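Engineer: model this:
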Amino acid sequence: MRDISWLTKRPIAHRGYHDASAGRLENSPSAVEAAVAKGFAIEVDLQQSADGKAIVFHDDRLDRLTFETGDIRARTADELCRLSMRGSDDKLWLLEDLLALVDGKAGLCIELKSRFSRQPSTEWVAGIAAQLQAYQGPLAVKSFDPDMMSLMRAAAPEIPRGALGDGARDMKEWGRASRIDRFALRHMLYAARTRPSFVSYWVKDLPAIAPSLLKRVFGLPIITWTVRTAEDRERAAHFADQIVFEGFDPDAA
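Structural biologist: Below you'll find the model as predicted:
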């Protein structure tokens with residue numbers, strides 16, 4: 001397993017060090033460059049294109065962050081990378097472009113977005129794993145979907161994996177999951193098969209049983225997201241080892 005000590009050394013910029021008023025949108029090259037310049041680690045998201053490429057983007061749909069509409073998975077990577085982001089000079093970009101830009105200058109915590117399909121995309125995860133194995137800089141992966149992390153473990157066991165979760169009580173987010181599935185996600189009962197090396201848990205749901213046990217029994221560091229307020233910072237200071245932050249400069253706060 002690769003070293004993960006970088007995860008707790010510096011705050012982690014949520015979707016890059018973004019500021020829409022300055023033309024730096026989330027998950028954009030500008031936001032990533034700004035995080036590198038500040039010496040922060042970086043959290044980014046990956047979505048799957050129609051042709052199975054890894055696109056650096058958070059939403060399932062294009063509407064909020066681009067001038068287009070529709071499902072991101074309905075378009076090829078070439079089509080997506082021609083799209084401009086709202087209020088920015090940046091365009092959508094690929095995982096390979098992200099890795100080339102960061103080039104080991106900052107830690108990367110990469111979230112694989114999932115639709116929780118009963119047949120997760122083995123080829124997509126394998127393609128991501130191959131790119132990450134060739135990358136020499138500090139990195140880790142995480143996903144709400146334990147099947148994604150199981151696939152990553154099989155494809156690249158040396159890449160650090162995170163157990164990502166929250167209380168799974170928001171029915172808007174988790175309404176498609178059964179009560180049993182929500183219980184398993186809340187308590188990270190999948191950890192035995194995904195073998196995580198850190199925990200990534202929602203700050204509003206800390207303290208929680210699963211992160212506490214994984215830290216106490218296995219020594220896994222707790223990274224908490226997304227820290228935005230003074231109250232969040234105080235809670236994180238009590239129950240987590242590092243923050244994923246947004247909307248402020250931790251060095252100045």
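
Engineer: contact partners for His14?
Structural biologist: Contacts for His14 (CB atoms under 8 Å, 6 or more residues apart in numbering) come out as Glu26, Glu43, Trp225, Thr226, Val244, Phe245, Glu246. Quick note: C-beta positions are derived from backbone N, CA and C, even for glycine.

Engineer: how near is it to Ala192?
Structural biologist: Separation of His14 from Ala192 (CB to CB, to the nearest Å): 29 Å.

Engineer: let's have the contacts of His14 in a markdown table, adding distance to Asp145, secondary structure and pLDDT.
Structural biologist: As requested, these are exported to a markdown table (distance: CB to CB, whole Å; DSSP: H, G, I helix; E, B strand; the rest coil; pLDDT from 0 to 100):
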| residue | distance to Asp145 | secondary structure | pLDDT |
| --- | --- | --- | --- |
| Glu26 | 21 | coil | 98 |
| Glu43 | 17 | strand | 98 |
| Trp225 | 16 | strand | 98 |
| Thr226 | 19 | strand | 98 |
| Val244 | 18 | strand | 98 |
| Phe245 | 24 | strand | 98 |
| Glu246 | 23 | coil | 98 |
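
Engineer: out of those residues, flag the one nearest to Trp174.
Structural biologist: For those, the residue nearest Trp174 by CB to CB is Trp225; the value is 16.6 Å.

Engineer: for the closest one, which non-adjacent residue is spatially closest?
Structural biologist: Val244 (3.8 Å; CB to CB, 6 or more residues apart in numbering).

Engineer: which ones are touching the residue nearest to Phe248 when sequence neighbours are not counted?
Structural biologist: The shortest distance from Phe248 to any non-neighbouring residue, by CB to CB, 6+ apart, is to Arg228 (7.4 Å). The contact partners of Arg228, taken as CB under 8 Å, 6+ apart, are Phe245, Glu246, Gly247, Phe248.

Engineer: what is the burial count for Val32?
Structural biologist: Neighbour count of Val32, defined by other CB atoms under 10 Å: 27.

Engineer: output the contacting helices and strands for the helix or strand hosting it.
Structural biologist: Val32 belongs to helix 29-38 when assigned by DSSP states H and E. Applying 3 or more CB pairs under 8 Å, 6 or more residues apart in numbering; DSSP states H and E, one finds that helix 29-38 contacts strand 12-14, strand 41-48, helix 95-102.

Engineer: in a markdown table, list these along with distance to Asp60.
Structural biologist: Output for those, formatted as a markdown table (distance: least, CB to CB, whole Å):
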| stretch | distance to Asp60 |
| --- | --- |
| strand 12-14 | 18 |
| strand 41-48 | 7 |
| helix 95-102 | 18 |
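
Engineer: from those, which stretch is densest packed?
Structural biologist: strand 12-14 (a mean of 27; mean count of other CB atoms under 10 Å).

Engineer: on that earlier part again, need the per-residue pLDDT for the residue nearest to Phe248.
Structural biologist: As predicted, Arg228 sits at a pLDDT of 98.

Engineer: show me where the stretch 1-150 of the chain has its helices.
Structural biologist: Ranges of helices in the stretch 1-150 of the chain, per DSSP state H, counting those that start in this stretch, are 6-9, 29-38, 77-80, 95-102, 122-134, 146-155.
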